[in-house]
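S.K.: Provide a 3D model corresponding to the input given below.
(2 chains)
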Amino acid sequence: NAGVTQTPKFQVLKTGQSMTLQCAQDMNHEYMSWYRQDPGMGLRLIHYSVGAGITDQGEVPNGYNVSRSTTEDFPLRLLSAAPSQTSVYFCASSSHGQAIYEQYFGPGTRLTVT
Amino acid sequence: GQQVMQIPQYQHVQEGEDFTTYCNSSTTLSNIQWYKQRPGGHPVFLIQLVKSGEVKKQKRLTFQFGEAKKNSSLHITATQTTDVGTYFCAGRGTGANNLFFGTGTRLTVIP
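M.R.: Below you'll find the predicted structure:
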């Protein structure tokens, strides 16, 4: 099992550019989520999905889009990059039922917007 | 909205000293999880607590969930340099579909 994979590991964008951060998991997990991590602010939830075809907003969804066409993949799209989106982005997955179980995190994508 | 506060933000200890981080929620939680993130790494799951007043131990780590299910703590006995990292709590509100992470406590252990 590869677990949760994320690509790319590093990315530099110019203001206004768009891009997609990829996330995939091979554990057949229903629940997937995207977080951003900024110094002193912990992990903030951007978007999450409880299954294929179902997505919902987290704490900080503005400027990001997601889709969940398959159980395995949960890409995060930056529509028009801004310097405020410079951050480390983590994707996570877990089983989901009456509770959210242990979350498995990917290695992260370090994004810089200039 | 739900908020999960964590204190302290930073903690420096001498190797061998104890360490505690506290997590407080503005709402009742259905469960709480704890994660550890090493410098430059990603969060790794440590444990989940579900029951009111629950206490769980993992070697030198002791985790507690408050009676009201609004707070939790992680205590490390006799810290070692391998304990260095940031410790996060993450809580799920009753009926909620997602987790809210605390701001984390960054632990530095001085040899």
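S.K.: what are the bridge partners for the residue nearest in space to the middle of chain A, then?
M.R.: Taking Cα atoms, centre = their mean, the centroid of chain A lies closest to A:W34, which sits 2.7 Å from it. Judged by DSSP bridges, the bridge partners of A:W34 are A:H47, A:C91.
S.K.: How about the residue most central in space within chain B: what's its closest non-neighbour residue?
M.R.: Closest residue to the average C-alpha location of chain B: B:C89 at 4.1 Å, with Cα atoms, centre = their mean. Leaving aside its sequence neighbours, B:C89 sits nearest to B:C23 (Cβ to Cβ, 6 or more residues apart in numbering or on different chains; 3.6 Å). Placement of C-beta: from N, CA and C, glycine included.
S.K.: Next to chain A, which bits of chain B? Give me the list.
M.R.: Residues of chain B found near chain A (Cβ under 8 Å from any Cβ of the partner chain) are B:1, B:6, B:9, B:30-31, B:33, B:35, B:41-45, B:48, B:50, B:88, B:90, B:92, B:97-104.
S.K.: For stretch B:6-14, the averaged confidence score.
M.R.: Taken as a whole, stretch B:6-14 has a mean pLDDT of 96.
S.K.: do the same with stretch B:57-66
M.R.: 97.
S.K.: how long is that stretch end to end?
M.R.: From its first residue to its last, stretch B:57-66 covers 15 Å (Cα to Cα, to the nearest Å).
S.K.: Contacts only, for residue 15.
M.R.: Assuming you mean chain A. Residues in contact with A:T15 (Cβ atoms under 8 Å, 6 or more residues apart in numbering or on different chains) are A:A81, A:A82, A:P83, A:V113, A:T114.
S.K.: that's the wrong chain, I wanted chain B
M.R.: With Cβ under 8 Å, 6+ apart, B:E15 has these contacts: B:T79, B:Q80, B:T81, B:V109, B:I110, B:P111.
S.K.: ok, now B:K51?
M.R.: B:F65.
S.K.: now the strands for chain A?
M.R.: Per DSSP state E, chain A has strands spanning A:4-7, A:10-13, A:19-25, A:31-37, A:43-51, A:54-57, A:64-66, A:76-78, A:87-94, A:104-105, A:109-113. These are given in chain order.
S.K.: Using ChimeraX, make a named selection holding only the buried ones among the contacts of B:E15.
M.R.: Filtering the contacts of B:E15 down to the buried ones (16 or more other Cβ atoms under 10 Å in any protein chain shown) takes a single ChimeraX command:
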select /B:79,109
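S.K.: any idea which of the contacts of B:E15 is closest to chain A?
M.R.: Closest approach between these and chain A, by Cβ to the nearest Cβ: B:V109, at 20.3 Å.
S.K.: Would you tell me what helix or strand the closest one is located in?
M.R.: Element membership of B:V109 [criterion: DSSP states H and E] is strand B:105-110.
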